[in-house]
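Visitor: quick one, structure for this:
(one chain, ligands or ions: 1)
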Amino acid sequence: MKTSVFDINQNSRIESKIVVALERISEVFRVLLWQESRINKLSPIQTQILIFLLFHSNEKCNISYLAKEFNMTKATISDSVKLLLDKNLIIKEYNTIDSRGFSISLTNSGKKIAQQSSSFAGIIEKPITNFTDNQKETLLVSLLELINKLNQEGIITVQRMCLTCKFYNKNKTTHHCNLLNKPLLNNELRVDCPEHRIAS
Ligand code: SF4
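Guide: The predicted model follows:
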């Protein structure tokens, strides 16, 4: 039988403990998102779509992009979008060049719910504020490197962070953004950057 990170008799390896710790945190996200969604009589993915629309540019707000973003099929995203349209929380905006293509944007009531719901994970941020600057930077850089590796292996799809950006350069331990034309400190590395362009 293969070894498991969840086997409490075998998880003396630090890598296993880190994976189990991440799993516990992902469970907190799941529960908080579910609680927030229940308040608004929405499903978790519907809440995630509203929050995504609130913070991302129009060219990313379409069925194909949302399917990749949330690792779901286009059919599943289309069903959620239809329900959000029925609830008058979003509207379709048709592409002037191709009438079959459309993007989605929030209505006023959708925006209100998205703004309220977008703070659902704030409770996780609170204890991190007590970490030292060094601890925060080490944690951020380690998580970005982990996400980057998982992205390279095709396990995590869409990424808009510095490490996967064509404008990013690393010289030994120094990070640099060629678009902003300036070095980036560890705490300036972006996880979700509006200017991100995928590196070839
Ligand atoms: S454009 Fe954004 S994601 Fe790309 S390197 Fe600069 S700050 Fe990072």
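Visitor: quick one, domains of this structure?
Guide: The chain breaks down into these domains under automatic domain parsing: 27-122, 132-188.
Visitor: and the first one, how far apart are its ends?
Guide: Translated: domain 27-122. This stretch, domain 27-122, spans 15 Å end to end (CA to CA, to the nearest Å).
Visitor: where does the prediction get shaky in the chain?
Guide: Regions of the chain meeting the criterion pLDDT under 70 cover residues 10-11, 96-100.
Visitor: which parts of it are strands?
Guide: For the chain, the strands identified by DSSP state E occupy 90-94, 102-106, 168-171, 174-177, 182-184, in order along the chain.
Visitor: around the ligand, pick out the residues from this structure.
Guide: With the criterion set to CB under 6 Å from any ligand atom, the chain comes near the ligand through 162, 165, 167-168, 177, 179-180, 190, 193, 195-196. Every C-beta, even on glycine, is put in place using the N, C-alpha and C of the backbone.
Visitor: mind putting those residues into a markdown table with neighbour count?
Guide: Listed next are the residues of the chain next to the ligand as a markdown table, based on neighbours: other CB atoms under 10 Å:
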| residue | neighbour count |
| --- | --- |
| C162 | 22 |
| C165 | 20 |
| F167 | 16 |
| Y168 | 21 |
| C177 | 19 |
| L179 | 13 |
| L180 | 12 |
| R190 | 17 |
| C193 | 18 |
| E195 | 11 |
| H196 | 20 |
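Visitor: need the winner for burial among the domains of the chain.
Guide: Burial among the domains of the chain, expressed as mean neighbours by mean count of other CB atoms under 10 Å, is greatest for domain 27-122, which shows a mean of 16.
Visitor: understood, closing this out.
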